[in-house]
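In: coords please:
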Amino acid sequence: MKTEAKRYFNRLLWVIDLIMIIGLFCYIAYYYDALPDTIAIHFDLHDNPNGYSCKFAIWLLYALNIASIGCVCGLTLVPKSAWKRMNVDKDLKGTPINIFILLMNILFIYCAYTIISFNLNACHQN
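Out: Next up is the predicted model:
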């Protein structure tokens, strides 16, 4: 019974991850045209922008999200025998890796939301 519940939970996490990835794509696509040509992409501790780029950089953030998830998922394809040769006993498949991917998605969504909302507010204040 535990195995079936764990399998269901892992599938649920994958569905949530997929919804978050699609949601991030839609969010960026919806607000992309409203962004100024040059956007703030880096901020100091006091929320002052100190790094700028063209607005296409927001799509690079999305691509980085997909690439990092792909790299983490690629680790799950490494057979157990290879991990044992490297003296690693842990199996990277299952719930811990799915939760890690979920947390990465949340981080990238927060970054995209922060960048887009800051630049939209700065654009409307001018």
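
In: Every contact and neighbour count from this point should use C-alpha atoms.
Out: Noted.

In: Would you mind pulling the contact partners of stretch 13-31?
Out: For stretch 13-31, contacts defined as C-alpha atoms under 8 Å, 6 or more residues apart in numbering pick out Ile58, Trp59, Tyr62, Asn98, Ile99, Ile101, Leu102, Asn105, Ile109, Ala112, Ile116.

In: Buried ones among these?
Out: Ile58, Tyr62, Asn98, Ile101, Leu102, Asn105, Ile109, Ala112, Ile116 (16 or more other C-alpha atoms under 10 Å).

In: helix/strand/coil for the nearest residue to Ile101 once chain neighbours are set aside?
Out: Spatial nearest neighbour of Ile101, chain neighbours left out: Ile69 (6.3 Å); criterion: C-alpha to C-alpha, 6 or more residues apart in numbering. At Ile69 the chain is in helix, as set by DSSP: H, G, I helix; E, B strand; the rest coil.
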